[in-house]
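**Q** Give the three-dimensional model of this entry:
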Amino acid sequence: MEDRLLDLQRVSMAFGGLKVVDDLDLHINRGEIVSVIGPNGAGKTTLFNLITGVYQPTGGDIVFDGKSITGLEPHQITGRGIARTFQTLRLFLNMSVRENVMAAAYGHTKAGVFRSMLRTPGMRREEQEIRELAERRLAFFGDRLMGYRWDQPAYSLSYANRRRLEIARATATNPTLLLLDEPAAGMNP
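**A** Now for the predicted structure:
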C-alpha cells in the first residue's frame, strides 16, 4: 500500500505568457528517492521553488503529508518538514560553519525572544543541543567540515565544502522531505 508524502495535483506555473510547469502530477511516497532530470531551463528549480513556497503555483495544489501547503510561506513549509538546498549557494558567509548549521535548527526551539535575552537555563540547554546537532550534521562529511573548521567563517571554505555545508544545514531541520537542487555541482567525484 502506498503512503504518499508529497502529491502535486495538476500544478502549473507561468511567468507572464511563458508556461514553465504545465499540469504536473507528481507523487512521492515515504522512503522513496526520486530524481528530477532534464536540460537547463526545463523547470527543475522552479518545481523546487513551488514545493517550498518560494513561488505560488498559478494552478493546481501541492499536498504534503496529507495537507495542502499551497499558499504557505517558505518558513511555514520548512516547519512542516520540507528542507532544501539551492542551486546557487545561500549561506551566511560571515557566520562560522557551525553557526550556519545551528541557524537552521533555531526555528525548532521553544525558547522565545524573552528567554533568549535572559539566557535562561532552558534556553542554554536548547542551544547546547543545537550545537551538538550541528556538529553531528557536519561530522557526516568526515574531516572536510570537522574540528578547527567549525569556527571558520563560511566564506573561507572551498566551493565543494560550501555545498556540503548547505546540505548539513538543510538536514539540521530534521526534514521529512529533503530536496537537493544540484547538490554535487562543482564537486570532484
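**Q** okay, CA-based contacts and neighbour counts for the rest of this
**A** Fine.
**Q** tell me the domain ranges of the chain?
**A** 4-80, 97-175 (automatic domain parsing).
**Q** any chance of those in CSV, with distance to residue 88 and mean pLDDT too?
**A** Below are those laid out as CSV (distance: least, Cα to Cα, whole Å; pLDDT from 0 to 100):
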stretch, distance to residue 88, mean pLDDT
domain 4-80, 10, 95
domain 97-175, 9, 89
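**Q** just checking, what packs against the longest helix seen in the chain?
**A** Determined from DSSP state H, the single longest helix within the chain is helix 121-139. Judged by 3 or more Cα pairs under 8 Å, 6 or more residues apart in numbering; DSSP states H and E, helix 121-139 is in contact with helix 97-105, helix 159-171.
**Q** now that helix: how far from the chain's centre is it?
**A** Chain-centre distance of helix 121-139: 19 Å, with Cα atoms, centre = their mean, to the nearest Å.
**Q** now swap in stretch 23-41 and tell me
**A** 16 Å.
**Q** Buried residues in it, which are they?
**A** By neighbour count on 16 or more other Cα atoms under 10 Å, the buried set for stretch 23-41 is 24, 28.
**Q** contacting residues around it?
**A** Stretch 23-41 has contacts (Cα atoms under 8 Å, 6 or more residues apart in numbering) with 2-12, 44, 59-60.
**Q** Filter these down to the ones in helices?
**A** Those of the contacts of stretch 23-41 lying in helices (DSSP H): residue 44.
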